[in-house]
Every structure is written in structure tokens, then in C-alpha cells.
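# Just a sequence and a predicted model for now, questions to come.
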Amino acid sequence: MNFLFLYPPGDWAFGEQKVPHDPFTPPLGILYLSRILEEKGHTVEIIDFCAEPLDETRLRKAILSSDAIGMSVLTFTLENAIKLSELVKEIDTDIPLVIGGPHCSLYPKQSLSALNADISVEGEGEGVILDIAEALNGEKELSEINGVCYQKGDKIKVGKSPKVIENLDSIPFPARHLVKSYKYGHILGAKFVKGNFTSMIRAGGVRINLDSAHDNL
């Protein structure tokens, strides 16, 4: 399948003024999901709207060449995520829209309704993204998948309870190559570091092999 992941922009409150959310770090959640999909033969494209302006022509082309859309939703990006989801459905009414991220974990059913999405993921998407791909291909029932709620007719249905990934080593390194064209490390319109900038997630109390991490940047 061809997956398109979208990362909506947000606004930071700066006193009484709102300022755009600059491309500070890569969207790691999406990059982890992308690597898992790629390792199973799926094709993935990412558009980070924190790092590039909205180009409806580019977005339309990407949507029409995709089989499913994924979107990461943070609370401070919710307003723009809703606008983006409306644009997605305007371009292709029938394309499946899968949403996840912190806001969806807090409010799975409300997020599903607010974004008019088809599937909302509560908790860790890395453990269920391949199951969702199988469900979209008609090879699995959504009711069998952990941590999802989904639209079925005019009703919202819920799958199995969310499941925590116990073995973090089972998660492959994020697909950083998919955002190589973007320049991260910006705050309030200014780049505060020289050269390329990225980020990593560290589990508490666990030592990281920095040489190994560097090789996968």
C-alpha cells in the first residue's frame, strides 16, 4: 500500500500573540511508523507542514497517489488538523484517514468525530500500524485491533484495549530519510544551531549506543 503521512502545523501562545510552530524537530512518531511500514514492503511519503507551506497542488497529487492517509494530532495543532482533514476529504472523499498522536490518545472518540476520520489510534501506534494496514486491505477486522476506534456507518465502534509495547528494542529506528529535505532546529523563526538538526527518544534508565544512533540518522 501507499501511505501518506501528514504532520499539521500549530501555533504557540507567545504572550497574547500567536506565532507559527516552526520546524523544531522531525515528527518522530510518524517516522517510527514509516519505518515499520517500509520494512513490510509498503511505500511511505511524509509532508511536514511545520517545515513547508501548504501547497494544495502538491497535496492533491500526493493524496490521489496514496491508498491511505495518516495524521499525527497534537492538542495545539488540533485546529489546523481539522482544516487539513477537511481538505483531504474534499480531495478524495473515500480515502481512509487514520489519526493518532497525543490528542487522540486523550480523546480518541472526540478526535475521530472532530476530524471526520475513519480510524483513531489510542496509545502506541507502532504496535498496531501493520494490523491497520491489513484491515484497510480487508485482511483483518478492526474490532480485533488494540487501541482503535473507528467509524462503522453512523456509529463509532471500539476495538480491543490499548496494549503497551514491552520490548522497545523491537521497534526499528525511525525512517529519517523521509524528511531529509527539511531543515529542522528553528525556534520563533530563527535557526538556533548550525548544520543538520534532529532528535531522539530515550527510555529512562537505558543507556544509548550513540555510535549506533548516529549511523541511523
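In hand now; what should we look at? Only a predicted model underlies this, so the values are computations on that prediction, with no experimental measurement involved. Residues are numbered from 1 along each chain as shown.
# Tell me where the chain has helices.
In the chain, the helices defined using DSSP state H lie at 28-39, 56-64, 78-91, 102-106, 108-114, 129-136, 210-215.
# gap between Ile201 and Ala68?
25 Å (CB to CB, to the nearest Å). All C-beta spots, glycine's among them, are computed from the backbone N, C-alpha and C.
# what about these two, which has more around it?
The residue with more neighbours, out of Ile201 and Ala68, is Ala68; 20 against 11, by other CB atoms under 10 Å.
# hang on, isn't that one packed against Met1?
Yes. Contact criterion CB atoms under 8 Å: Ala68 and Met1 qualify, at 6.3 Å.
# burial of His177, as a residue count?
The number of residues near His177, taken as other CB under 10 Å, comes to 13.
# so how far is Gly185 from it?
His177 is 18 Å from Gly185, by CB to CB.
# now do Ile91
Taking CB to CB, one finds Ile91 at 32 Å from Gly185.
# quick one: Pro53 from Leu59, how far?
Separation of Pro53 from Leu59 (CB to CB) stands at 11 Å.
# what about the two, which has more around it?
Leu59 (18 against 7).
# need the contact list for the more buried one.
When contacts are counted by CB atoms under 8 Å, 6 or more residues apart in numbering, Leu59 touches Ile47, Leu87, Ile91.
# just Glu126 next, same as before
Contacts of Glu126 by CB under 8 Å, 6+ apart are Tyr32, Leu33, Ile36, Ile165, Ile171.
# quick one: it from Lys155, how far?
For Glu126 relative to Lys155 (CB to CB), the value is 28 Å.
# same thing with Met1?
Look at Met1 and Lys155: by CB to CB, they are 26 Å apart.
# Of the two, which one has the most company?
Met1 (16 against 7).
# Now the more buried one. Nearest residue, chain neighbours left out?
Using CB to CB, 6 or more residues apart in numbering and skipping the chain neighbours, the partner closest in space to Met1 is Asp67 (4.4 Å).
# Model confidence at the one you found, what's the number?
Looking at Asp67, its pLDDT stands at 98.
# correct me, but it touches Glu45?
No. Contact criterion CB under 8 Å: Asp67 and Glu45 do not qualify, at 11.3 Å.
# and for those two, which residues touch both?
By CB under 8 Å, 6+ apart, the residues touching both Asp67 and Glu45 are Asn2, Phe3.
# Count the residues that sit near Ile99.
Using other CB under 10 Å, Ile99 has 26 neighbouring residues.
# who are the neighbours in contact with the nearest residue to Gly10 once chain neighbours are set aside?
With sequence-adjacent residues excluded and distances taken as CB to CB, 6+ apart, Gly10 is closest to Thr77, at 3.7 Å. By CB under 8 Å, 6+ apart, the contact list for Thr77 reads Pro8, Pro9, Gly10, His21, His103.
# Most neighbours of all those residues, which one?
Neighbour max across these (other CB under 10 Å) = Pro8, 26 neighbours.
# ok, Ile82 to Glu126 distance?
25 Å.
# same check, this time on Thr25
18 Å.
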